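>>> Any chance you can model this:
(one chain, ligands or ions: 3)
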Amino acid sequence: MNILKFGGTSVGSVESIRALIGILKERKGAEKPVVVLSAMGGVTNSLLQMAENARNAQDYADDLKKIEQKHFDVIRALLPAIAQNPVLTRLKIYFNELEDILQSVYNLRELSLQTKDLILSYGERCSNVMVSHIARQHFANAEYVDGSELIKTDSNFGQAKVNTYLTETLIRDFYESNADKLLFVTGFISSNDEGRITTLGRGGSDYTAAIWGAALNADEIEIWTDVDGMLTADPRIVKKAFSLPELSYTEAMELSYFGAKVIYPPTMIPAFLKKIPIVIKNTFNVDFPGTYIKHGVQTSKLPIKGISSIDEISILNLSGSGMVGKAGFAGRLFSLLSREQVNVVLITQSSSEHSITFAVKPADALKALSLINREFELELQARKLEYPEVENGLSVLAIVGENMKRTPGISGRLFSALGRNGVNIRAIAQGSSEYNISVIIGRSDLSKAVNAVHDAFYADLKKTLNVFCLGTGNIGKTLFRQLQDQMPFLAQNNDLQVKVMGVSNTRKMYLNPEGIDLSNWEKSLQQKGQKADLTEFIGQMKDMNLANCVFVDNTASHNPIQHYLDVLQSSISVVTCNKIGNSAEYDQYVAFKQAARKHGVDFYYETNVGAGLPIIRTLKDLMMSGDRIARIEAILSGTISYIFNNFKGERLFHEVVKEAQDLGYTEPDPRDDLNGKDFMRKMLILARDAGYALEEKDVTIESMLPAACLAAKSVDEFYAELQNNAAYFENLKNEAAQSQKVLRYIGKLEDGKVAITLQMVDDAHPFFMLSGSDNIISFTTDRYKDRPLVVKGPGAGAEVTAAGVFADIINVGKR
Ligand SMILES: NC(=O)C1=CN([C@@H]2O[C@H](COP(=O)(O)OP(=O)(O)OC[C@H]3O[C@@H](n4cnc5c(N)ncnc54)[C@H](O)[C@@H]3O)[C@@H](O)[C@H]2O)C=CC1
Ligand SMILES: N[C@@H](CC=O)C(=O)O
Ligand code: NA
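Ligands and ions are numbered 1, 2, ... in the order given. Purely as a prediction, here's the structure:
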């Protein structure tokens, strides 16, 4: 025999009550269950509010009308007209009684706990009268049971203590003499010796189910709710939270103690003692197996079972020399708090015994403070103790699981996930049971922290990278297309989900906490985007406070650079193909690297040199493994390479330049390529990565353009000047051809000096054989002394550049 308990959402609407009836109908063959019902969703809170309003001489009548209507609407929708009258009449009587009670509270301006319990009891009574009548249409033997008459308690109104022996006897007797009925029992409510209504406190309807289950030795207690069971984390915080198939009682206790609202721990004790399994099921997803809480759970592969959290917590710290080596001090503190009913959520003590930190609910914080001030008055006055202060705005995050006991490294994984995402830990506690490690963190970090920890522990699940992109031009657009094409592969083969959360260009910006659909990003940006504002974009990105964030700069602008430090300091990785940042002042370049290191995030810029070619990575590997760079020789302008490789026959120079621009090889402003500036930036970045603290002025550039071209004030004027100087370029071309050489613009780093020169090279030169937009770089090092290490291939173009940015993003995800 099973007990089925339906919570507020499961009796909250016409649809849910239909679903409830459906679930009961499915049980036809099985032994007849007992059904326990909560009040309709929202009604208990509303009753409480009405009671408070009445006490404060405020209006409650409107709200009363609303909940009456809520019940009546369901009845009219689910009962045929002739069956409606008896139940409407019965409910009308309840609502009249309720009105009388509220009026008395209003008149007296007084609301005792006893009266409050009485008022609340109408929630369960009304929902149960309503549902049992509806059920009677389908089950002739459906019977309303006022559970308060069978669960006997003391007179601790609001949180009454159950007289277990008497209650179990009453329930058993009642059940036996009603063996032929399908019982619908009111949850939550009980009564004392005098028959006055009491309530069972938080989670009370679950408790009713557990009490009935224990009394009748039920096979299972089913808790029907609106989620798929106990989840790995709060699904409102972690979108990827998933339902756990099985939990031990202890794990369920630990998880629910910290905020998992599905079930409330004390309610499980009667079931726990009798080893009755509890199964949590979703009324709105009946076929889903849900979560089993029981003894003898199979060992699971998961290192932890779940992450739970308390949103709001306050801490108090008690410290001072008076505590050191003094036995009984902590005892005095905590028995004081317990005596005065202050619930302590978490305690840590430093091993020097110099300080104790403990956490309480914010509502208890000031009370705890004044209790301590009174109890330790002498010690405080004598300065043996510091006056404690309350610190608010904090949250608790806890990881829970029995496997923790057997698995080393769990705490390491927790702390590094938090550290890497810039979450500061204020206090730590591990239960000696090793079922639980709790940390106290800033409240604003909670969501980010829970997501980061979830990703860290469920590595076999998808890790999400939250990407914020600047620039929707040549590179930005291509990157979005590549990302979209590759998403299924990443999800399947790398367990990585890349979500673009924000996009901006110079005109518009659009951020969406749900992620932006990449098949439609242009339209979203256009239609839903707001006016672009970089500071605002970064502010909103930081405010989202997500785990595993990457800021991607696909612009050619100075503006984003000013924000890199701030972004890195906010524990957000930076991926950039924009070379301006790394090639400006050396100090700034160093600051970016330091900030990334300090905050445990990545700063990747592979595409700054040779687009997607692995040049920065190769140099880094050489340096890290202790090699020393003696010389670098390179062709690093894809544009100029393309021009020299295609400036042949009848074609004019400016035509080939235009072609390179159309192919997406040039900078947004092609003058930056042809005047050597882009090349200079790349050489400077390479030199810095090779360990030289150089500035722009340390690079000598031999210009390959006549002065008039260099002086052009606009891109159009530049093209015009290139055309005007056609003869100059023809000359260069012919001179090279006559000596069977080719034109090459070559950069060199040697002895800490960088020079870029225009050369004519013959076929003996290693840089002779190039085509298209090829880049080539040769590293001569202590280890690659006789024959250099060479990287060669297309070094410009949207596809290869976006692919390089993509790889950098993925590399952030891999860490
Ligand atoms: N084309 C290539 O082969 C390679 C290009 N790169 C780099 O890629 C970067 C982008 O190049 P393209 O896509 O060709 O440029 P583009 O001119 O096509 O696009 C630039 C985009 O940045 C946006 N933008 C500019 N300032 C902005 C700001 N302050 N906030 C937000 N958005 C802003 C613009 O609205 C535009 O959408 C450049 O830094 C370039 O050096 C790097 C390696 C190779
Ligand atoms: N404009 C650049 C693109 C790569 O950085 C080039 O031509 O090399
Ligand atoms: Na590269």
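>>> which residues in the stretch 651-800 of the chain form strands?
699-701, 742-750, 753-761, 774-781, 789-794 (DSSP state E, counting those that start in this stretch).
>>> swap in the stretch 501-650 of the chain?
Using DSSP E, counting those that start in this stretch, strands in the stretch 501-650 of the chain cover 508-511, 530-531, 549-553, 573-576, 603-604, 629-635.
>>> In TSV: the ones you listed, plus mean neighbour count.
Yep, even glycine has a C-beta here, placed from its N, CA and C like the rest. TSV is the format used below for these (neighbours: other C-beta atoms under 10 Å):
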stretch	mean neighbour count
strand 508-511	20
strand 530-531	11
strand 549-553	27
strand 573-576	27
strand 603-604	24
strand 629-635	20
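>>> Indicate which one of those strands is closest to residue 537.
Evaluated over the strands of the stretch 501-650 of the chain, closeness to residue 537 peaks at strand 508-511, with 4.9 Å, by C-beta to C-beta.
>>> The closest one pairs with which strands, and in what direction?
Sheet pairing here is set by DSSP bridges, and for strand 508-511 it gives strand 496-504 (antiparallel), strand 530-531 (antiparallel).
>>> Only the C-alpha atoms, please, for it, written as CSV.
Only the C-alpha atoms of strand 508-511 are listed here, as CSV (Å, rounded to 0.1, in the frame of the first residue of the first chain):
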residue,chain,number,x,y,z
LYS,A,508,23.8,47.8,-31.6
MET,A,509,24.3,45.4,-28.8
TYR,A,510,22.2,42.5,-27.6
LEU,A,511,22.6,40.4,-24.5
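>>> Let's have the strands paired with strand 508-511 in JSON lines, adding mean pLDDT and distance to residue 612.
Formatted as JSON lines, these follow (pLDDT from 0 to 100; distance: least, C-beta to C-beta, whole Å):
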{"stretch": "strand 496-504", "mean pLDDT": "94", "distance to residue 612": "17"}
{"stretch": "strand 530-531", "mean pLDDT": "98", "distance to residue 612": "33"}
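>>> most tightly surrounded among these?
strand 496-504 (a mean of 23; mean count of other C-beta atoms under 10 Å).
>>> Run through who's touching that strand.
462-472, 476, 480, 483, 487, 490-491, 509-513, 515-516, 518, 521, 525, 529, 532, 534, 537, 540-541, 544, 546, 809-810, 813 (C-beta atoms under 8 Å, 6 or more residues apart in numbering).
>>> per-residue pLDDT, the nearest residue to residue 106 once chain neighbours are set aside?
Nearest residue to residue 106 in three dimensions, chain neighbours excluded: residue 54, at 4.3 Å (C-beta to C-beta, 6 or more residues apart in numbering). pLDDT, residue 54: 97.
>>> contacting residues around residue 54?
60, 102, 103, 105, 106, 111.
>>> any chance you could map the strands in the stretch 51-200 of the chain?
So, for the stretch 51-200 of the chain - with DSSP E, counting those that start in this stretch - the strands run 142-145, 182-186, 189-191, 197-199.
>>> how many neighbours does the residue in the chain positioned nearest to ligand 1 have?
Of the residues in the chain, the one nearest ligand 1 is residue 473, at a distance of 1.9 Å by C-beta to the nearest ligand atom. By the measure other C-beta atoms under 10 Å, the count of residues near residue 473 is 15.
>>> just residue 332 next, same as before
Neighbour tally, residue 332, other C-beta under 10 Å: 12.
>>> quick one: which helix or strand includes it?
Using DSSP states H and E, residue 332 sits in helix 329-339.
>>> Over that helix, what's the mean pLDDT, rounded is fine.
87.
>>> In contact with residue 180, which residues?
Contact partners of residue 180, counting by C-beta under 8 Å, 6+ apart, are residue 141.
>>> Can you list phi and psi of it for me?
phi -90, psi 0 (degrees, to the nearest 10).
>>> Isn't residue 318 up against residue 354?
No. Using C-beta atoms under 8 Å, residue 318 is not in contact with residue 354; the gap is 9.9 Å.
>>> Same drill for these two, tell me which one is more crowded.
Neighbours were counted for residue 318 and for residue 354 using other C-beta under 10 Å; residue 318 has more, 23 against 14.
>>> host element of whatever residue of the stretch 201-350 of the chain ends up closest to ligand 3?
Distance from ligand 3 to each residue of the stretch 201-350 of the chain (C-beta to the ion) is smallest for residue 240, at 33.0 Å. Using DSSP H and E, residue 240 is not contained in any helix or strand.
>>> Look at it and say how many residues are nearby.
By other C-beta under 10 Å, the residues close to residue 240 number 17.
>>> So which elements touch the helix ranked longest in the chain?
Identified as the longest helix of the chain according to DSSP state H is helix 81-108. The elements that helix 81-108 packs onto, with contact taken as 3 or more C-beta pairs under 8 Å, 6 or more residues apart in numbering; DSSP states H and E, are helix 43-55, helix 61-78, helix 113-136.
>>> buried ones in the longest one?
Pointing back at helix 113-136 there. 115-136 (16 or more other C-beta atoms under 10 Å).
>>> Tabulate the CA atom coordinates of that helix in PDB.
Written as PDB, here are the backbone C-alpha positions of helix 113-136 (Å, rounded to 0.1, in the frame of the first residue of the first chain):
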ATOM      1  CA  LEU A 113      -0.300  31.300  17.100                       C
ATOM      2  CA  GLN A 114      -3.300  29.300  17.900                       C
ATOM      3  CA  THR A 115      -5.600  31.500  15.800                       C
ATOM      4  CA  LYS A 116      -3.000  31.500  13.000                       C
ATOM      5  CA  ASP A 117      -3.100  27.700  12.900                       C
ATOM      6  CA  LEU A 118      -6.800  27.700  12.800                       C
ATOM      7  CA  ILE A 119      -6.800  30.200   9.900                       C
ATOM      8  CA  LEU A 120      -4.200  28.200   8.000                       C
ATOM      9  CA  SER A 121      -6.100  24.900   8.400                       C
ATOM     10  CA  TYR A 122      -8.800  26.200   6.000                       C
ATOM     11  CA  GLY A 123      -6.300  25.900   3.200                       C
ATOM     12  CA  GLU A 124      -6.000  22.100   3.500                       C
ATOM     13  CA  ARG A 125      -9.600  21.600   4.400                       C
ATOM     14  CA  CYS A 126     -10.900  23.500   1.400                       C
ATOM     15  CA  SER A 127      -8.600  21.900  -1.100                       C
ATOM     16  CA  ASN A 128      -9.400  18.500   0.200                       C
ATOM     17  CA  VAL A 129     -13.200  19.000   0.200                       C
ATOM     18  CA  MET A 130     -12.900  20.200  -3.300                       C
ATOM     19  CA  VAL A 131     -10.600  17.400  -4.700                       C
ATOM     20  CA  SER A 132     -12.400  14.600  -2.800                       C
ATOM     21  CA  HIS A 133     -15.700  15.700  -4.300                       C
ATOM     22  CA  ILE A 134     -14.200  15.800  -7.800                       C
ATOM     23  CA  ALA A 135     -12.700  12.400  -7.200                       C
ATOM     24  CA  ARG A 136     -16.100  11.000  -6.400                       C
END
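>>> Excluding chain neighbours, give the residue nearest to residue 777 in space.
residue 634 (4.0 Å).
>>> you'd agree that neighbour is up against residue 685?
No. When contacts are counted by C-beta under 8 Å, residue 634 is not listed as touching residue 685 (11.6 Å).
>>> sorry, back to before: let me have the strands of the stretch 651-800 of the chain in JSON lines, extended by distance to ligand 2, mean neighbour count and mean pLDDT.
Output for the strands of the stretch 651-800 of the chain, formatted as JSON lines (distance: least, C-beta to the nearest ligand atom, whole Å; neighbours: other C-beta atoms under 10 Å; pLDDT from 0 to 100):
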{"stretch": "strand 699-701", "distance to ligand 2": "15", "mean neighbour count": "18", "mean pLDDT": "97"}
{"stretch": "strand 742-750", "distance to ligand 2": "10", "mean neighbour count": "20", "mean pLDDT": "97"}
{"stretch": "strand 753-761", "distance to ligand 2": "13", "mean neighbour count": "16", "mean pLDDT": "97"}
{"stretch": "strand 774-781", "distance to ligand 2": "7", "mean neighbour count": "21", "mean pLDDT": "97"}
{"stretch": "strand 789-794", "distance to ligand 2": "10", "mean neighbour count": "17", "mean pLDDT": "96"}
